[in-house]
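Q: got a sequence here, can you model it:
(chains A and B, ligands or ions: 5)
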Number of protein chains: 2
Amino acid sequence: LFALSGAAAVGFVAVIFVLRWVLHFKEGLAWDGGLAEFNWHPVLIVTGFIFLQGIAIIVYRLPWTWRCSKLVMKFIHAGLNLTAFILAIISMVAVFDFHNAAKIPNMYSLHSWLGLTAVILYGLQLVLGIGLYLIPVTPVSWRAAFMPIHVYSGLFLFTSVIAVALMGITEKLIFGLSNPKYKDSPPEAIFVNVLGVLLVVFGALILWIATR
Amino acid sequence: LFALSGAAAVGFVAVIFVLRWVLHFKEGLAWDGGLAEFNWHPVLIVTGFIFLQGIAIIVYRLPWTWRCSKLVMKFIHAGLNLTAFILAIISMVAVFDFHNAAKIPNMYSLHSWLGLTAVILYGLQLVLGIGLYLIPVTPVSWRAAFMPIHVYSGLFLFTSVIAVALMGITEKLIFGLSNPKYKDSPPEAIFVNVLGVLLVVFGALILWIATR
Ligand code: HEM
Ligand code: HEM
Ligand code: HEM
Ligand code: HEM
Ligand SMILES: O=C1O[C@H]([C@@H](O)CO)C(O)=C1O
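A: Residues are numbered from 1 along each chain as shown, chains lettered A, B, ... in the order given. Ligands and ions are numbered 1, 2, ... in the order given. Coordinates of the predicted model:
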């Protein structure tokens, strides 16, 4: 319960931090092919792909859901994961669109390779989850047999998404700061490093809850 | 068993890749305050802190250790983790020494914050592990009570170390490549991106084995 409230609080603060990063330190948000369009990328990743996915993963552990039927819980779990996926897709469109407008090559970085792979596998996890656990055609023996794989790959994807976000933060601080540079620790660098630490703490709490 | 041989093979190839990176693409290895001293940093992290730590974690699951007594297994587990820790410390000395010689600020990056935290917590885990499970003074009830925490924090640290390494690889490719730059995907960029993918696959296999 302590871990639950801690995770919610840390996740919420991380969302505030990413908004303050792009609105206060950066160019704000817009859909104009420029840097303000790029900014949707970190905002949607942190709010959607990290925060909502984290909540989706622990939803079966929330005391207030125990009053709901199992089917309702499944709809909440699936719905939050679907929302996270849609926001991740929009955030992909934002970077690709920005890169094309600015004539920056696509898919050159380790960040982009691991990131796109994570999004695709997450889509697969979603489709398999719906097919196995929501549509009432799958035999119970199959459901049970796939559950350890569903849980392992779900937790692995969640962890990978945070790792990919940390790489993205690192890239953006290096590319975005000049005079003073990242090396010179301007306020923005410290602020966004703290955002990175918050994401790791959020991940640690969600993984702790999900493995109890 | 398939996962076991897979993990060993992927880990071994990752070690080859990091050696080829620094020896073929980069300045080689030396202890001279220059870039060749920096290169000890990724080499010791990948061979020691990632590869050896991974093997240490799954040592209780290796069929050939089942012939050993529990005490011998514990010595192998503790010894490999201690070796990994020492190599991580040397790799820290290498970067700090390089930074001081080149007048680059210390501890400005998210990579360095999370990396140093992981090394310190790993040292704590090592001391607690020895005190709780190797020195025969701790009551069995304590040993049992701490085991879920030992396993969770061990797996969490292992995962964090890989995430930190992916950030380090990203930084080094951005700083180290110019004309052609990282964006232009020269052979070194592709090669080292593949190293990053190998580290993620190694991590996935170790975590799979350790959670079965
Ligand atoms: C798990 C979450 C994330 C995923 C799946 C992801 C995915 C991607 C992908 C696929 C690209 C390549 C776009 C292209 O080549 O046109 C990209 C680029 C980029 N992302 Fe992310 N990203 C994530 C989180 C973040 C975060 C939190 C930041 C922080 C600002 C970030 C910063 C960047 C930057 C600077 C680029 C351009 C450089 C490059 O292509 O590597 N990313 N991202
Ligand atoms: C990409 C999307 C998804 C991810 C990342 C994901 C991840 C997870 C994780 C990590 C768990 C373990 C949670 C825990 O032990 O507390 C879990 C459990 C579960 N998931 Fe998903 N899941 C996804 C989609 C779905 C979908 C679409 C369904 C369909 C309803 C589904 C059905 C279930 C069920 C039935 C459980 C077991 C709950 C229990 O403990 O009884 N999942 N999921
Ligand atoms: C988990 C493994 C790792 C840990 C704990 C770690 C730790 C650190 C620390 C503490 C620093 C700061 C040194 C200083 O400020 O003087 C640093 C710097 C650096 N590391 Fe790592 N490192 C790891 C893996 C890697 C890897 C695999 C690379 C790939 C080449 C790498 C590349 C760098 C670079 C380029 C710097 C200098 C820029 C900076 O300070 O962020 N690191 N590392
Ligand atoms: C930083 C160092 C260490 C890390 C990262 C670590 C990590 C782990 C992990 C992940 C496991 C679970 C393995 C599995 O389930 O297959 C484990 C089990 C264990 N570790 Fe450690 N460990 C460390 C140091 C130590 C030390 C120094 C000892 C003292 C002997 C120790 C004793 C044990 C024991 C007794 C187990 C349980 C084995 C069993 O399943 O019966 N660990 N450790
Ligand atoms: O010393 C030990 O402690 C644990 C166990 O007693 C706690 O669960 C274990 O497997 C040992 O060999």
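Q: what residues does chain A have near chain B?
A: Applying C-beta under 8 Å from any C-beta of the partner chain, we find that chain A lies next to chain B at A:104-105, A:108-111, A:113-114, A:152, A:156, A:159-160, A:162-163, A:166-167, A:169-171, A:173-175, A:182-185, A:189, A:192-193, A:196-197, A:200, A:204, A:207-208, A:211. Where C-beta positions appear, they are placed from N, C-alpha and C, glycine not excepted.
Q: is the longest helix seen in chain A positioned near ligand 1?
A: Longest helix in chain A by number of residues (criterion: DSSP state H): helix A:140-176. Yes. Using C-beta under 6 Å from any ligand atom, helix A:140-176 reaches ligand 1 at A:V161, A:V164, A:A165, A:G168, A:I169, A:E171, A:K172, A:F175.
Q: quick one: buried residues of that helix?
A: By 16 or more other C-beta atoms under 10 Å in any protein chain shown, the buried positions in helix A:140-176 come out as A:146, A:153-174, A:176.
Q: can you count the residues close to A:A102?
A: Around A:A102 there are 12 other residues, counting by other C-beta atoms under 10 Å in any protein chain shown.
Q: oh, that last question was meant for A:E37, not what I typed.
A: Neighbour count of A:E37, defined by other C-beta under 10 Å: 20.
Q: helix or strand for it, which one?
A: Per DSSP states H and E, A:E37 falls inside helix A:35-38.
Q: next structured bit after that helix?
A: helix A:40-44.
Q: can you list contacts of whichever helix or strand comes after that following helix?
A: Heading C-terminal from helix A:40-44, the first helix or strand you meet, by DSSP H and E, is helix A:53-58. Applying C-beta atoms under 8 Å, 6 or more residues apart in numbering or on different chains, the external contacts of helix A:53-58 come out as A:4, A:7-8, A:11, A:76-77, A:80-81, A:84, A:154-155, A:158, A:161, A:202-203, A:206, A:209-210.
Q: you'd agree A:T138 is up against A:L132?
A: Yes. In this structure A:T138 lies within contact range of A:L132 using C-beta atoms under 8 Å: 5.1 Å.
Q: so for those two, which residue has more residues nearby?
A: With neighbours defined as other C-beta under 10 Å, A:T138 and A:L132 compare such that A:L132 has more, 18 against 13.
Q: ok, the more buried one touching A:A145?
A: No. Using C-beta under 8 Å, A:L132 is not in contact with A:A145; the gap is 9.6 Å.
Q: remind me which residues of chain A are low pLDDT?
A: Counting by pLDDT under 70, chain A shows low-confidence ranges at A:65-66.
Q: what's the closest non-adjacent residue to A:N100?
A: Nearest residue to A:N100, sequence neighbours excluded (C-beta to C-beta, 6 or more residues apart in numbering or on different chains): A:N106, at 7.6 Å.
Q: sorry, slip of the keys, the one I care about is A:L19.
A: That would be A:V43: by C-beta to C-beta, 6+ apart, it lies 6.6 Å from A:L19.
Q: list the contacts for the one you found?
A: For A:V43, the contacting residues are A:V18, A:L19, A:V22, A:L29, A:S91, by C-beta under 8 Å, 6+ apart.
Q: now, which of the residues you listed lie within strands?
A: Using DSSP state E, no member of the contacts of A:V43 falls within strands.
Q: give me the buried entries from these.
A: A:V18, A:L19, A:V22, A:L29, A:S91.
Q: nearest to B:W66 among these?
A: B:W66 lies nearest to A:S91 out of the buried ones among the contacts of A:V43, by C-beta to C-beta, at 47.4 Å.
Q: not counting sequence-adjacent ones, nearest residue to that closest one?
A: Distances taken as C-beta to C-beta, 6+ apart put A:L44 closest to A:S91, at 3.7 Å, once the chain neighbours are dropped.
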